[in-house]
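1. Need the 3D shape of this:
(one chain, ligands or ions: 1)
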Amino acid sequence: MTNLQKTPEQTPARWTPDGGRDPLAGRHGAIGTSLPRIDGPLKVRGQARFAAEVPVDRLTYAALVTSTIARGVIATLDTAAAEAAPGVVLVMTHRNAPRMAPPAVIMTDPRAAGASSLPVMQDASIHWNGEPVAVVVAETQEQADHAASLVRVTYREEPASLSFEQAIAVGRHPDTVLGEPAVIETGDTETALSAAPHRIDRVYRTPRHSHSAIEPHAVTVWWENGDLVVHDATQMLHMTRYTIAGVFGIDEERIRIHSPYVGGGFGSKGPWSHHYLAIAAAKLAGRPVRLALSRADIFRVVGGRTTTEQRVALGARDDGTLTALVHAGTAAMTTHNNCPEQFTFPARHLYAADSIRVEQRVADIDMVANTFMRAPGESVGSFALECAIDEMAGELGLDPIEFRRRIEPETDPTSGRPFSSRHLVKAYADGAERFGWSRRAASPGALRNGDWLVGMGVATATYPYYRMPGGRVRITLSRDGRATVAVAAHEMGMGTATVHTQVLADRLGLSVDHVDFQHGDTALPAFTMAGGSSQTATLAAAAHEATAALLEELLRLAGNDSPLAGLTADEVEARDGGLGHRGARDRFESYASILGRAGRDAVGAEGESPMPTETQTFSMHSYGAQFCEVRVHAVTGEIRVSRFLGSFDCGRILNPGTAASQFRGGIIMGLGLALTEETQFDERNGRIMNPSLAEYHVPVHMDVPEIDVIFTDIPDPHAPLGARGIGEIGITGVGAAVANAVHNATGRRIRELPITLDKLL
Ligand code: MOS
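-> Have a look, this model is predicted:
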């Protein structure tokens, strides 16, 4: 607990209409409508060009050769046959690769994006099974792939840390968990637990997951007189540029990264070893290089979600209040990255308990660096916590929604801060009504339909609000009444370009077809990563600052001959393609007129997302209630999700269409987490055993029922535009909602993901 928190009264709300900061937050125009995705027509026509599709003269194609041991050194490396193969331009190994510095690792420096601090192809040492040992560059992809198959490598193996159980035994606390302490303790949980009239104490396990975005990772790169051009699939343009500049020891200004379209990122679309290898190979070959990872490559050279073992212990009184809440455990990590899978984050903020203890440990494994994957931590942490809550509700004989109502906290249970806006109880009530929760059988195994056992489960979804400082945007108004918005933001398919076209249209009093949104290029004003579901809030804040500056400039240009003469910025608003007095409708001048009288073709201004003081004052989180109905076959154990509803409380919803799609996509990914997805890691040799979508099962159409999505749409007074971000919360709670439904259907409690049918037999 900290005594340093401020009350809401001490710190005026930055973005509220009352604070005079963001009058737009209360107004509807384009915001709040389901404008269809403006990049949609290009994508369905195949005209949106992705990183592996950029046409370039004299292009070469690269293929990777990866290690087959987890730890040791390369003993022999024979590239002669590959070099002699048809079409081969170059075989690069540690023997001829240019010198490269180790990448700066994400979360260690605000600008760094590297996934691992290991040097890339600089010596003969091997650090994980699947590490690149050679890059073959050829005239065609087929020639490169064939020649790569001819590279012969032998190894001298060294003992590796591959057993999670053994690594847990010698585990450690990470320095921080995304800037938060690894351990938080309020009161003596173990004493409270032993004295509690009701107690559960469980261990939950979750496996590795691999990123399976529809667009495989790819770069097309070339050098031009010492300048570097990169066509990338990235969700962190400027951080990638900074990291590449460090690896190659060149000035950032000499690197231009284009990434207008990204086919899904989920946390994985940052710089990995293939970036540095392609750039190095292009240097050696003196030609452009395309390195598009195969599906198998993605499993081996791009990390994903890591495995966890989590203990949740709860102590409760007869009245359903909690005396103790413990959430502690270990995630597998490497010694060369910094991604401890923050699975205790939900337990820090969700429920009231007399005493709370959370603890995160990591166990060092020799594997590809794990990384962020949609709601890292929260997705698997909410599985453990929300299953345990369901188990305790059963213990107490309480409906699980009623139990959660009784442990709803008044202030943040670990920080003591006031909530900026929290309507979880309403999200549950709305969802229960719409889903027909009252039809759920209170006792497990009670409802049978032929050979199918039917059950319902519920779980809380939650994800923090993040807004990044420093992202910049430039807005230019031209005399023809159009606006151009320039920002190095990222469109990964979530609707960035669409939503910010709406936001800027409303800010500037223009129709959406008068706003051109430019993004996905490091030549545009530097922006922060599309991560932590932060991009919308960050961009909204930067746009707020930019329009404020633009307004001042427009009033200055309008001068004394304008109907606006004498008005201050607070007295005017943007409307109908110009500025007008907030009260008097007839005091108005169009942008075209202001610019025309001033003899200007255009006027522009920049703004930057300021420091996020709101998160130092308030506990800011999004919430949701996930409702699941399953049918479990009584004979085969086959599990079918028959209905699903997500009821979300994420602040104002800026575009209900793109938002529902985000929530639904998150829920579908959650169904994979619950039922099918598992990256199988062979603990004898560190080999990933199922590196393909044939054997790593993501949900397909047959697995996905109709998914209903509703939201409270209650603006958060402390977030720009009242919106808290929605990209990641959809996946959270889904694993537990499914597991709880399976328990309600069958009476079987499965505490290890994925819930495959063998675990039910
Ligand atoms: Mo998200 S895992 O920060 O792309």
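2. can you pull out the helices in the stretch 151-300 of the chain?
-> Secondary structure of the stretch 151-300 of the chain (DSSP state H, counting those that start in this stretch): helices at 164-169, 189-195, 237-248, 273-285, 295-301.
3. How many residues are close by the residue of the stretch 451-600 of the chain found nearest the ligand?
-> Closest to the ligand within the stretch 451-600 of the chain is residue 531: 3.3 Å, counting by CB to the nearest ligand atom. Backbone N, C-alpha and C define where each C-beta goes, glycine included. Number of residues near residue 531 (other CB atoms under 10 Å) recorded here: 24.
4. Residue 504 now?
-> Counted with other CB under 10 Å, residues neighbouring residue 504 total 27.
5. which residues touch residue 654?
-> Neighbouring residues of residue 654 by CB atoms under 8 Å, 6 or more residues apart in numbering: 31, 32, 499, 502, 503, 536, 721, 723.
6. Tell me, how many residues neighbour the residue lying closest to residue 442 once chain neighbours are set aside?
-> Distance criterion CB to CB, 6 or more residues apart in numbering; nearest residue to residue 442, sequence neighbours excluded, is residue 399 at 7.2 Å. Residues contacting residue 399 under the criterion other CB under 10 Å number 16.
7. any idea how far stretch 613-625 is from the chain center?
-> Computed by CA atoms, centre = their mean, to the nearest Å, the chain-centroid distance of stretch 613-625 equals 17 Å.
8. From the opening residue of it to its closing one, how far?
-> In terms of CA to CA, to the nearest Å, the two terminal residues of stretch 613-625 are separated by 28 Å.
9. Let me know whether it sits next to the ligand.
-> No. Under the criterion of CB under 6 Å from any ligand atom, stretch 613-625 makes no contact with the ligand; the nearest approach is 13.8 Å.
10. model confidence over that stretch, on average?
-> Averaging pLDDT along stretch 613-625 gives 95.
11. Give me the buried stretch members for that stretch, please.
-> Using 16 or more other CB atoms under 10 Å as the burial criterion, the residues of stretch 613-625 that qualify are 614, 615, 617, 618, 619, 620, 621, 622, 623, 624, 625.
12. between those residues, which is nearest the ligand?
-> Looking across the buried residues of stretch 613-625 and measuring by CB to the nearest ligand atom, the closest to the ligand is residue 622, at 13.8 Å.
13. Who is the closest one paired with across the strands?
-> Listed beta-bridge partners, residue 622: residue 463 (assigned using DSSP bridges).
14. Isn't it up against residue 727?
-> No. Between residue 622 and residue 727 there is no contact, the gap being 10.2 Å when judged by CB atoms under 8 Å.
15. got any residues that touch both of those two?
-> residue 533.
16. so the nearest residue to residue 665 once chain neighbours are set aside, which of the three states?
-> Closest residue to residue 665 apart from its sequence neighbours, by CB to CB, 6+ apart: residue 730 at 6.4 Å. With DSSP: H, G, I helix; E, B strand; the rest coil as the basis, residue 730 sits in helix.
17. What separation do you get for residue 730 and residue 348?
-> Using CB to CB, to the nearest Å, residue 730 is found at 20 Å from residue 348.
18. the more surrounded of the two?
-> Set side by side, residue 730 and residue 348 show more neighbours around residue 730, with 33 against 23, by other CB under 10 Å.
19. The more buried one: what's it in contact with?
-> Contacts for residue 730 (CB under 8 Å, 6+ apart) come out as 461, 624, 646, 648, 662, 663, 664, 665, 666, 667, 669, 670.
20. so the closest residue to the fourth one other than its chain neighbours is in which element?
-> If the residues on either side of it in the chain are set aside, residue 648 comes closest to residue 624, at 4.0 Å by CB to CB, 6+ apart. Residue 624 is part of strand 621-633, with elements assigned from DSSP states H and E.
21. Can you name the next helix or strand after that strand?
-> Stepping forward along the backbone from strand 621-633, the first helix or strand reached (DSSP H and E) is strand 639-649.
22. just the residues of this structure that are near the ligand, which are they?
-> Proximity of the chain to the ligand is confined to 235, 265, 266, 267, 372, 373, 374, 376, 531, 532, 728 under the rule CB under 6 Å from any ligand atom.
23. nearest to residue 327, of the residues you listed?
-> Within these, the smallest distance to residue 327 is 15.8 Å, found for residue 376 (CB to CB).
24. What is the burial count for that closest one?
-> Other residues within reach of residue 376, judged by other CB under 10 Å, total 27.
25. Please settle this for me: is it part of a helix?
-> No. Looking at residue 376 with three-state DSSP, it is coil, so not inside a helix.
26. quick one, what contacts the closest residue to the ligand within the stretch 601-750 of the chain?
-> When scored by CB to the nearest ligand atom, the stretch 601-750 of the chain has residue 728 as its residue closest to the ligand, at 5.7 Å. By CB under 8 Å, 6+ apart, residue 728 lies in contact with 374, 375, 378, 379, 463, 532, 533, 666.
27. How about the contacts made by the fourth one?
-> Taking CB under 8 Å, 6+ apart, we find residue 379 in contact with 305, 373, 670, 673, 728, 731, 732, 734, 735.
28. now do 6 Å
-> 731, 732 (CB atoms under 6 Å, 6 or more residues apart in numbering).
29. In which helix or strand does it reside?
-> Taking DSSP H and E as the definition, one finds residue 379 inside helix 378-396.
30. Tell me the buried residues in that helix?
-> When burial is assessed from 16+ other CB under 10 Å, helix 378-396 yields the following buried residues: 378-394, 396.
31. go on, stretch 563-583?
-> Burial within stretch 563-583, assessed by neighbour count using 16+ other CB under 10 Å, is assigned to 563-564, 567, 571-575, 577-581.
32. Could you list the residues in contact with it?
-> By CB under 6 Å, 6+ apart, the list of residues contacting stretch 563-583 from outside reads 481, 508, 509, 510, 551, 552, 558, 587, 588, 589, 590, 591.
33. again, but for stretch 99-115
-> By CB under 6 Å, 6+ apart, the residues outside stretch 99-115 that reach it are 117, 119-120, 236, 239-240, 242-243, 246-247, 270-272, 276, 338, 369, 371.
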